[in-house]
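quick one, what's the 3D model for this:
(2 chains)
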Amino acid sequence: MKQFAVVAPADLASATRMLAEPNRSALAGGVDLLDMLKQELAAPAELVNLKALGGLDRIESVPGGVLRIGPLVTLNQLAAAPAVRERHPALADSAAQAATPQVRNLATVGGNLAQRPRCWYFRNPDIVCLKKGGTKCYAVAGLNRYHAILGGGPSFIVHPSNLAPALIACDASLALNGPDGERKIAVGDFFTSPKVDPRRENVLKPGEIIAAIEVPAPPTGARSAYLEAREKQSFDWPLAAAVAILALNRAGEVVHARIVMGAVAPIPWRAPSAEKILLGAKLDRALADRAAEAALAGAAPLAHNAYKIPIARAMVRRAILRAGGVADEPA
Amino acid sequence: MANKVIVEININGDPVELLCEPRQSLLEVLRDVLELTGSKEGCLTGDCGACTVVIDGRPVCSCLMLGVEAAGKNVATVEGLASGMSLHVLQQKFLEHASLQCGICTPGVLMSAKALLDRNPNPTEAEIRYALAGNLCRCTGYDKIVRAVTDAAAALAGRTHPAHGTVPSETASGMAGEMLAKGEAK
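Sure thing, here's the model as predicted:
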C-alpha cells in the first residue's frame, strides 16, 4: 500500500473543497476503500476522513414521515433502527443480510451506495479492464458466472449495493453535497449505466459526497419484502436479490407496486414491466408468476450465468408474494 | 508523506499512546507496533474475521480500519479476555468443548462471541450463528463453537446447560490454557 495522509476536515464545505483536489479519496467506513488501497487500485495522496464531521451518523425522523439517514450510519445501525424496521422492513433486511457482523459495524450507508464493483477482473491489479480505462470487459469472453444478466454492455459488472434496490423501491432520494452546493437526486438516478460511461458507477462529481439519504413515508398500507439468494448461507454476495413494495386495496388489487432487483445488472435494476402487470390486478400466485416472468423477460445471459435468470425470477416472485401476504404454495 | 502520527487508543482498559503510519491498519498497529499478536491476520479483506476486535462494544475487522481511525476509541482484543491466568468463561468453554484445532480463528471468534454475550446474555442458537457468521473456521465445523458459546452464556447466567448437566467451572491448566490466557497462541 502506498503512503498517504489522513486529514480531518472542519466542516462539510471544507471536506468537499479538499475532495475536489486531485488525488483525494473520501474515508467513510473505509471497508471498500481499504480493499482498493491494499490492491493499489486506488492510490490517493490524502484521505479526507468524513468521520471527523459530526452529525452524519444519525437517523432522524423529519416532518412528513421522512427518515433522514446520515451517510455514516452503519449497516448494523440501519438494520436495527426501530423506525427503519417498522416503516421500511425491506430496507432493514437488505442491510441485515449484507456482509458479516464485523463488516456491518464498519460499512456505511453512503459507502454501500458508492462502493466500487466486486468483479474479479476489476479487482485484479494486473488487469486493465474497461472500468480502469482499458479497451475491453474481460467478463464477456471470460469467467462470468457472477456477472450481469440484464443491462450489460460494454461492462458486465453487477452493482454490489445491497441497499440500493430497497432504497429505490422506497422512492428514496439523496442529497449530494459538493463544491457547488447541494443537489437532490432520486436514488434511481444516482447510478450510471456503463453504456453512458463504463469507468464509473454513479453521478458523483469530483468533490461531491452523499450528505444524506431521505426515505419518504411508505404509501398507506404498503408492505415490503427483500430476498436474496446466495451460494453460502452464512454470508455471501447475492447471486440475485429482489425487493417488492406493494399496497393492496380491500378487494386485494394492487394499487402501488415497486419491483427492483439487485446483483443482476450494472445498476440496481427496476422492473417497470413487472410493476405494470401487478397494478390494478388481484394479487395471487399466477399474477406473481407473470410479473416475475416479465421482470426477467429482457435477460441476456453470458456463457456462464444463465442460471441466474431462474434464481432472480424466483426472488422476484417470492418477494411479491411475501409483500402481498399471499402464501407461496397452496396449503 | 511518510511521517508517522501519534495516536491515543484505549486498549483493554489501558490508555496507550503509539506512533504509526497513517496507512497502517488497526491490525498492523496491534500486531506490529504494540506486539499484541493475539488478533490474527487472515484474508485482509473482511471475509474471515480472524482479526476481529471489539470497538466500543461492537465487533469489527481490525484489518478493515486504519489505526488512526481507532483514536479515542475503546479497543478490546483477545489479550484482555483473561484476568491474569484465570480464563474468561468463553475461553474456558472453548477448551472444555474442544472448540478449536489450529486456533487461528479462535481469537476472532472469542471476540465476536464476547460482544454478543455482552449485548445479549441469553442468545438462541440462531442468534449465535448470526453473530458468528463473519468468523470462518475450517477445523471445527462450528458446532463445537456454538456449543461452547451456549454453555458460556449459561455459565455466566449461573444456569446449567440442558445438554451438558452441571457446568464445570475449573480454571484451565496446561499449555493450551496458559497460551490462551496470555493470548499467545500463534
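
contacting residues for A:Ser234?
Shown in contact with A:Ser234 (C-beta atoms under 8 Å, 6 or more residues apart in numbering or on different chains): A:100, B:129, B:133-134. From N, CA and C alone the C-beta is placed, and that goes for glycine too.

secondary structure class for it?
What DSSP: H, G, I helix; E, B strand; the rest coil gives for A:Ser234 is coil.

okay, now the residue in chain B positioned nearest to chain A: neighbour count?
Distances between chain B and chain A by C-beta to the nearest C-beta are smallest at B:Gly134, namely 2.6 Å. Number of residues near B:Gly134 (other C-beta atoms under 10 Å in any protein chain shown) recorded here: 26.

mind telling me what element it is part of?
Per DSSP states H and E: B:Gly134 is located in neither a helix nor a strand.

that one contacts A:Ala98, correct?
No. Using C-beta atoms under 8 Å, B:Gly134 is not in contact with A:Ala98; the gap is 11.2 Å.

leaving out chain neighbours, which residue sits closest to the residue of chain B closest to chain A?
Of all residues not flanking B:Gly134 in the chain, A:Thr100 sits nearest, at 2.6 Å (C-beta to C-beta, 6 or more residues apart in numbering or on different chains).

who's in contact with that neighbour?
A:234-235, B:46-47, B:49, B:61, B:133-135.

how about B:Ser99?
Counting by C-beta under 8 Å, 6+ apart, B:Ser99 has contacts B:93, B:106, B:109, B:140, B:144-145, B:147-148.

buried set for stretch A:315-331?
A:315-324, A:326 (16 or more other C-beta atoms under 10 Å in any protein chain shown).

which helix or strand contains the residue nearest to the spatial centre of chain B?
By C-alpha atoms, centre = their mean, chain B has its centre lying nearest to B:Met111, at 2.6 Å. Using DSSP H and E, B:Met111 sits in helix B:106-119.

same thing with B:Thr37?
For B:Thr37, there is no host helix or strand (DSSP H and E).

wait, it touches B:Glu28, no?
No. Applying C-beta under 8 Å, one finds B:Thr37 not in contact with B:Glu28, separated by 11.3 Å.

these two: who's more crowded?
More crowded of B:Thr37 and B:Glu28, by other C-beta under 10 Å: B:Glu28, with 21 against 18.

tell me the confidence at the closest residue to that one other than its chain neighbours?
Counting by C-beta to C-beta, 6+ apart, B:Gly67 is the residue found nearest to B:Glu28 once chain neighbours are left out, at 6.9 Å. Per-residue confidence (pLDDT) for B:Gly67: 98.

what is the burial count for B:Gly67?
For B:Gly67, the neighbour count with other C-beta under 10 Å is 28.

for A:Ala229, give the beta-bridge partners.
Under the criterion DSSP bridges, A:Ala229 forms beta bridges with A:Ala240.

contacting residues around it?
Contacts of A:Ala229 (C-beta under 8 Å, 6+ apart): A:238-241, A:311, A:314-315.

10 Å instead, please
Applying C-beta atoms under 10 Å, 6 or more residues apart in numbering or on different chains, we find A:Ala229 in contact with A:236, A:238-242, A:263, A:308, A:311-312, A:314-315, A:318.

related to what we said a few turns ago, what's the closest of the buried residues of stretch A:315-331 to chain B?
A:Arg322 (19.3 Å).

does the closest one touch A:Leu227 like I think?
Yes. Under the criterion of C-beta atoms under 10 Å, A:Arg322 makes contact with A:Leu227 at 7.1 Å.

which neighbours do those two share?
A:90, A:242, A:244.

in ChimeraX, how would I select the buried members of those?
Of the shared contacts of A:Arg322 and A:Leu227, the buried ones can be selected in ChimeraX as follows, counting by 16+ other C-beta under 10 Å:
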select /A:90,242,244
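
same list (the shared contacts of A:Arg322 and A:Leu227) but as TSV, adding secondary structure.
Formatted as TSV, these follow (three-state DSSP):
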residue	secondary structure
A:Ala90	helix
A:Ala242	strand
A:Ala244	strand
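
which among the shared contacts of A:Arg322 and A:Leu227 are in contact with chain B?
By C-beta under 10 Å from any C-beta of the partner chain, no member of those lies near chain B.

and which of the shared contacts of A:Arg322 and A:Leu227 is nearest chain B?
Nearest to chain B among the shared contacts of A:Arg322 and A:Leu227, with distances taken as C-beta to the nearest C-beta, is A:Ala90, at 18.6 Å.

measure the closest one to A:Ala240 for me?
15 Å (C-beta to C-beta, to the nearest Å).

what do you get for A:Lys282?
In terms of C-beta to C-beta, A:Lys282 sits 27 Å off from A:Ala240.

again, but for B:Cys61
26 Å.

please apply the same query to A:Asp32.
According to C-beta to C-beta, A:Asp32 and A:Ala240 sit 21 Å apart.

more crowded one of these two?
Using other C-beta under 10 Å, the more surrounded residue of A:Asp32 and A:Ala240 is A:Ala240, with 26 against 22.

isn't the more buried one up against A:Tyr226?
No. Between A:Ala240 and A:Tyr226 there is no contact, the gap being 12.0 Å when judged by C-beta under 10 Å.

shared neighbours of these two, anything?
With C-beta under 10 Å, 6+ apart, A:Ala240 and A:Tyr226 have common neighbours A:262, A:315.

what's the span of stretch A:101-110, first residue to last?
Stretch A:101-110 has its terminal residues 18 Å apart, counting by C-alpha to C-alpha, to the nearest Å.

by proximity to chain B, which residue of the stretch 1-150 of chain A wins?
Closest point on the stretch 1-150 of chain A to chain B, by C-beta to the nearest C-beta, is A:Thr100, at 2.6 Å.

isn't the residue nearest to the centre of chain B up against B:Gly57?
No. In terms of C-beta under 10 Å, B:Met111 does not count as a neighbour of B:Gly57; the distance is 11.3 Å.

what sits in contact with each of those two?
With C-beta under 10 Å, 6+ apart as the test, B:Met111 and B:Gly57 both reach B:Ala76.

just give the nearest non-adjacent residue to B:Pro15, would you?
Closest to B:Pro15 by C-beta to C-beta, 6+ apart is B:Glu8, at 6.6 Å.

for that neighbour, give me its contacts.
B:Glu8 neighbours (C-beta under 10 Å, 6+ apart): B:15-18, B:70-73.

dump those to a markdown table, plus secondary structure, pLDDT and distance to A:Gly151.
Formatted as a markdown table, the contacts of B:Glu8 follow (DSSP: H, G, I helix; E, B strand; the rest coil; pLDDT from 0 to 100; distance: C-beta to C-beta, whole Å):
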| residue | secondary structure | pLDDT | distance to A:Gly151 |
| --- | --- | --- | --- |
| B:Pro15 | strand | 98 | 53 |
| B:Val16 | strand | 98 | 50 |
| B:Glu17 | strand | 98 | 52 |
| B:Leu18 | strand | 98 | 48 |
| B:Ala70 | helix | 98 | 40 |
| B:Ala71 | coil | 97 | 43 |
| B:Gly72 | coil | 97 | 44 |
| B:Lys73 | coil | 98 | 41 |
